[in-house]
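Participant: Build me a structure from this.
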Amino acid sequence: MSDGDGVKKTVVLPISGQRNILITSALPYVNNVPHLGNIIGCVLSADVFARFCRGRGLNTLYVCGTDEYGTATETKAKAEGLTPQQICDKYHAIHADVYEWFDISFDYFGRTTTAEQTEVAQDIFLKCNDNNYIVEKETEQLFCSSCNHFLADRFVEGVCPLCGYVGARGDQCDGCGRPLNATQLKEPVCKFTKGCGTAPEVRATKHLYLDLKTLQPKIEEYFKQSSTDGVWSSNACDITLNWLREGLQERCITRDLDWGTKVPATDKWEGYDDKVFYVWFDAPIGYVSITANYTADWRKWWKNEDDNVDIELFQFMAKDNVLFHSIIFPGSQLGTGEKWTKVNNLSATEYLQYEDKKFSKSRGVGVFGNNAKDSGLSADIYRFYLLYIRPESADTRFEWSDLIAKHNADLLNNLGNFVNRAVKFCNNKHFKGKVPKYEETDVEKMRRDEINKEVEIYVKTIGDRVRLRDALRAVLSISQCGNHFIQETKPWEHVKAFEKSDDADVKAKAFARASTVVAFSLNIVHLIGHLLSPFMPATAQKILELLHADTQCVIPDTFELLLEEGHAIIQLLERQGADKSAFDKDEEAKKEETLILFKKIDEAKAEEWRKKYGGDVEEEKEEAEALPDDPLLVAQLVEEQATKVRTLKANGAGKAEIQKNVAELKRRKQKLKELTGEDVDANKHKQQKKKDTEKKEKKKGKSKKNKKKEYVGETGKLIKELGGKIAAQAKIVRDEKEKGNTDKHDEEMNTLNKLKEELKALKIKGDEEINQLEQQQKKE
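Facilitator: Next up is the predicted model:
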């Protein structure tokens with residue numbers, strides 16, 4: 001990370017004639033500790049890309065910081081009996097410590113509670129206002145007469161109108177997980193001040209809105225160019241397109257809060273002295289203000305004042321943040337009418353689950369940044385596994401048993417084993433820790449070609465596609481190639497032939513061959529050290545130190561043998577007989593220890609860690625028991641859970657997750673039976689019999705009312721063809737699941753879901769055509 005004050009010694013500024021890479025990761029909210037899903041979705045992914053760019057010699061700036069304003073901060077402060085500023089100071093320090101432990105290489109890690117944030121946010125607002133992109137609307141909001149304050153959603157609690165859960169917040173019910181509006185709550189009470197509990201009343205209030213509806217043409221033009229010229233993940237494109245297709249609406253950008261960036265006074269609007277900017281208008285502007293805290297020349301990065309300087313902005317986040325980065329923040333920039341650096345490349349991940357659960361700080365479920373080290377694993381091991389399972393195209397799961405399996409197979413037996421063998425061979429008494437002479441044969445040429453294909457994959461998947469998982473696997477493939485090379489060339493046999501033969505010619509050839517194998521292997525290790533650096537920086541540094549090589553990461557286009565003949569690597573002590581001193585033995589043990597990159601993890605640790613990070617099972621079970629007494633609501637919950645089970649099965653979810661949700665479905669059905677006296681499954685059986693009867697009648701032509709829809713014309717033809725494609729794609733998904741090919745399964749599943757969405761849209765169109773046809777027939 002950065003130096004103590006957050007700033008590295010050399011300030012990075014754009015350079016004319018070079019590629020200038022500006023990287024941001026979604027600002028973590030300050031009110032809690034980040035979990036592994038937060039870390040891989042934002043800061044870790046961005047860190048790998050930043051390290052890669054620096055290794056490619058690109059002028060790179062990576063900034064991030066804590067998002068500190070908003071309702072959640074006020075709520076947390078009240079809960080802990082602190083002021084909002086004290087909460088921000090406390091959790092900013094926690095976040096900084098977490099990211100330092102995970103070896104995140106920010107150029108600057110700042111925060112949004114600064115004078116620069118106020119200055120930049122207010123300036124953007126005022127310019128949008130001058131250009132008539134700010135409008136005013138009157139809305140209804142809950143008001144507490146005791147506190148004399150309008151209540152933000154999180155400062156209201158009550159009974160959920162959907163599931164009857166007591167203690168539902170005004171923005172979301174923790175019982176059923178569905179979003180709410182505070183005015184929907186039954187029996188609402190004020191939570192603005194501790195112990196208030198007053199029933200709030202509905203009052204009219206005015207707020208300011210960013211006129212995205214008017215800005216939409218500009219946003220669409222920018223998005224089309226950015227997503228075409230840059231690299232956007234498919235989900236980022238899909239989410240943005242969906243919003244644009246639906247048509248953008250005015251978006252509220254003010255809130256009745258105390259903690260936030262104050263709305264500045266204008267001649268146009270009155271009564272906003274006690275209001276602040278809504279956090280999702282304010283927060284993305286934090287990237288700019290954090291850069292302004294890093295350097296007074298921040299405009300060179302964000303305002304792009306020099307026409308001869310090109311800035312490429314890469315932003316990393318989870319998919320739930322896409323809207324704010326692809327539409328709202330660029331819309332704010334466009335609204336100013338000024339020249340801004342806007343996102344060129346947007347990488348959004350899907351979600352990371354913990355085993356078969358969701359991460360939950362309140363229940364202690366999952367690994368969080370402040371307790372990750374308690375497992376005894378290094379930060380590099382977490383980095384490796386999180387990047388290996390990075391949810392790039394579909395949700396993935398963090399599973400301890402899988403982490404152990406991949407660690408032992410890919411790191412210990414593959415990468416660690418290869419590095420160890422190569423370094424030890426070089427420390428043979430004949431080579432004495434120095435790189436021997438290299439004379440290439442067809443074997444090395446073939447392996448060099450094979451390695452260069454992996455290097456090309458590595459460079460292109462990160463640099464051109466921002467796909468990190470495939471690049472990491474390319475490094476492991478290179479290591480595997482090295483192991484295969486040693487196995488097929490058997491340098492130990494050439495050394496033995498050299499030692500035992502009396503024939504000078506045989507000895508020379510054997511030594512030359514052994515020398516080439518060792519030199520080639522060491523240079524593969526050297527390449528791996530550099531390519532691994534963005535993913536596992538501490539491990540990469542150790543590998544390069546073993547070779548006495550420069551530890552500054554340099555990522556090449558091709559594999560070259562850079563360790564020349566005579567280069568000295570780490571010197572391992574040789575045994576000197578039984579009289580060797582205890583000091584020498586200790587020294588030798590220390591030297592041998594330096595060769596150990598990874599140690600085997602016992603499979604039994606998986607269960608130990610599951611218990612350690614599994615949370616309070618009883619508390620979780622207790623939370624799941626709150627079901628309403630309204631049969632209509634329970635019936636709705638049954639149907640929702642049934643849909644969830646079907647979706648999990650279709651998406652190939654894990655057995656444990658499916659069983660858990662099936663059990664929940666049964667629980668809800670049982671509750672409905674108790675309320676109605678009817679068996680849900682028995683009713684379904686009756687309904688199925690009725691459907692079977694109707695089908696028979698349909699075949700006989702006796703039922704016109706229930707006749708199956710027959711889509712007509714070109715749409716009908718397309719629906720039929722797409723149905724065939726879906727059936728074929730579903731088979732591919734099932735096949736990949738049976739093979740256990742998780743990555744391929746995720747990709748094929750993503751394709752299947754897209755086909756289903758296309759079919760859904762076509763059927764809507766087909767239904768409209770049928771209705772039009774029926775209306776026309778009635779008129780005739």
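Participant: By mean pLDDT, flag the weakest helix or strand of the chain.
Facilitator: When the helices and strands of the chain are scored by mean pLDDT, DSSP states H and E, helix 617-623 comes last with a mean of 44.
Participant: Now the element after that helix, going C-ward?
Facilitator: helix 631-650 (DSSP states H and E).
Participant: Mind giving me the packing neighbours of that next one?
Facilitator: helix 655-676 (3 or more C-beta pairs under 8 Å, 6 or more residues apart in numbering; DSSP states H and E). (Glycine included, C-beta is placed from N, CA and C.)
Participant: Off-centre distance for the top helix by length along the chain?
Facilitator: Among the segments of the chain that qualify as a helix by DSSP state H, the longest is helix 742-779. Its chain's average C-alpha position is 30 Å from that of helix 742-779, according to C-alpha atoms, centre = their mean, to the nearest Å.
Participant: relative orientation of it and helix 631-650 in degrees?
Facilitator: 130 degrees (axes from the mean of the first three to the mean of the last three C-alpha atoms, to 10 degrees).
Participant: For helix 742-779, name the packing helices and strands.
Facilitator: helix 713-739.
Participant: buried ones in the helix it packs on?
Facilitator: Thr715, Gly716, Leu718, Ile719, Leu722, Ile726, Gln729, Ala730, Ile732, Val733, Glu736, Lys737 (16 or more other C-beta atoms under 10 Å).
Participant: and the fifth one, what is it in contact with?
Facilitator: Listed by C-beta atoms under 8 Å, 6 or more residues apart in numbering, the contact partners of Leu722 are Leu755, Glu758, Leu759, Leu762.
Participant: And for Glu454?
Facilitator: Listed by C-beta under 8 Å, 6+ apart, the contact partners of Glu454 are Ala474, Val475, Ser477, Ile478, Cys481.
Participant: cool, and Leu210?
Facilitator: Cys128, Tyr133, Ile134, Glu250, Arg251, Ile253, Phe281, Ile328, Gly331, Ser332, Gly335.
Participant: same question, Ile239
Facilitator: Contacts of Ile239 (C-beta under 8 Å, 6+ apart): Lys319, Val322, Leu323, Ser326, Ala348.
Participant: Contact partners for the closest residue to the fourth one other than its chain neighbours?
Facilitator: Distance criterion C-beta to C-beta, 6 or more residues apart in numbering; nearest residue to Ser326, sequence neighbours excluded, is Thr240 at 4.3 Å. Thr240 makes contact with Phe223, Ser227, Trp232, Val322, Leu323, Ser326, Ile327, according to C-beta under 8 Å, 6+ apart.
Participant: Name the residues that touch stretch 124-131?
Facilitator: Residues contacting stretch 124-131 (C-beta under 8 Å, 6+ apart): 134, 210, 253, 263-264, 266, 268-269, 277, 281, 285, 332-333, 335-338.
Participant: Inside strands: which ones of those?
Facilitator: Ile134, Leu210, Phe277 (DSSP state E).
Participant: now the strands for the stretch 51-200 of the chain?
Facilitator: 59-66, 108-111, 134-144, 149-150, 156-159, 166-169, 186-190 (DSSP state E, counting those that start in this stretch).
Participant: quick revisit: could you dump the contacts of Leu722 into JSON lines and include pLDDT, distance to Lys542 and neighbour count?
Facilitator: Output for these, formatted as JSON lines (pLDDT from 0 to 100; distance: C-beta to C-beta, whole Å; neighbours: other C-beta atoms under 10 Å):
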{"residue": "Leu755", "pLDDT": "80", "distance to Lys542": "47", "neighbour count": "18"}
{"residue": "Glu758", "pLDDT": "78", "distance to Lys542": "50", "neighbour count": "15"}
{"residue": "Leu759", "pLDDT": "80", "distance to Lys542": "52", "neighbour count": "17"}
{"residue": "Leu762", "pLDDT": "77", "distance to Lys542": "56", "neighbour count": "18"}
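Participant: Which members of those residues are the farthest-apart pair?
Facilitator: The most widely separated members of these, counting by C-beta to C-beta, are Leu755 and Leu762 (10.5 Å).
Participant: List every C-alpha atom in the helix or strand containing the residue nearest to Ser326, with coordinates, as CSV.
Facilitator: Secondary-structure assignment from DSSP H and E places Thr240 in helix 234-246. Extracted as CSV, the C-alpha positions of helix 234-246 are listed here (Å, rounded to 0.1, in the frame of the first residue of the first chain):
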residue,chain,number,x,y,z
SER,A,234,-21.1,-8.7,-20.5
ASN,A,235,-23.2,-8.2,-17.4
ALA,A,236,-22.2,-4.5,-17.3
CYS,A,237,-23.4,-4.1,-20.9
ASP,A,238,-26.6,-6.0,-20.2
ILE,A,239,-27.5,-4.1,-17.1
THR,A,240,-26.9,-0.7,-18.7
LEU,A,241,-28.8,-1.7,-21.9
ASN,A,242,-31.8,-2.8,-19.8
TRP,A,243,-32.0,0.5,-18.1
LEU,A,244,-31.7,2.4,-21.3
ARG,A,245,-34.3,0.3,-23.1
GLU,A,246,-36.8,0.9,-20.2
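Participant: what is the orientation angle of it with helix 742-779?
Facilitator: Helix 234-246 and helix 742-779 are oriented at 20 degrees to each other (the same axes, to 10 degrees).
Participant: okay, now Lys437: neighbour count?
Facilitator: Burial of Lys437 is recorded as 13 neighbouring residues (other C-beta atoms under 10 Å).
Participant: quick one: it and Thr516 touch, right?
Facilitator: Yes - using C-beta atoms under 8 Å, Lys437 is in contact with Thr516, at 7.4 Å.
Participant: that older thread, who wins on neighbours among the contacts of Glu454?
Facilitator: Neighbour counts for the contacts of Glu454, by other C-beta under 10 Å, peak at Ile478, which reaches 27 neighbours.
Participant: so what pLDDT did that residue get?
Facilitator: Looking at Ile478, its pLDDT is 98.
Participant: check contacts around it.
Facilitator: Going by C-beta under 8 Å, 6+ apart, the list of residues near Ile478 reads Ile451, Glu454, Val455, Ile524, Leu527, Ile528, Leu531.
Participant: From the chain's centroid, how far away is the helix holding Thr240?
Facilitator: Worked out by C-alpha atoms, centre = their mean, helix 234-246 lies 18 Å from the chain centre.
Participant: What's the local residue count around Tyr29?
Facilitator: Neighbours of Tyr29 (other C-beta under 10 Å): 20.
Participant: Next one: it from Asn38, what distance?
Facilitator: Plainly put, Tyr29 is 9 Å away from Asn38 if you go by C-beta to C-beta, to the nearest Å.
Participant: go on, Val322?
Facilitator: 16 Å.
Participant: Please apply the same query to Gln670.
Facilitator: 36 Å.
Participant: Among those two, which residue is more densely surrounded?
Facilitator: Neighbour comparison, Gln670 and Asn38: the larger count goes to Asn38, with 22 against 15 (by other C-beta under 10 Å).
Participant: who touches the more buried one in this structure?
Facilitator: Pro28, Ala318, Gly369.
Participant: what's the answer for Gly167, then?
Facilitator: Listed by C-beta under 8 Å, 6+ apart, the contact set of Gly167 reads Glu157, Asp174, Gly175.
Participant: can you give me the strands for the stretch 301-450 of the chain?
Facilitator: Under DSSP E, counting those that start in this stretch, the stretch 301-450 of the chain gives strands at 311-318, 345-349, 352-354, 396-398.
Participant: Just say which of the ones you listed is most tucked in.
Facilitator: strand 345-349 (a mean of 25; mean count of other C-beta atoms under 10 Å).
Participant: and the gap between the closest residue to Arg154 other than its chain neighbours and Gln772?
Facilitator: Among residues not flanking Arg154 along the chain, Thr71 sits closest, at 4.6 Å (C-beta to C-beta, 6+ apart). Thr71 sits 48 Å away from Gln772, going by C-beta to C-beta.
Participant: Next: Val443.
Facilitator: From Val443 to Gln772 the distance is 71 Å (C-beta to C-beta).
Participant: again, but for Lys191
Facilitator: As defined by C-beta to C-beta, Lys191 lies at a distance of 52 Å from Gln772.
Participant: what does Glu499 give?
Facilitator: Distance from Glu499 to Gln772, by C-beta to C-beta: 90 Å.
Participant: swap in Lys218?
Facilitator: 36 Å.
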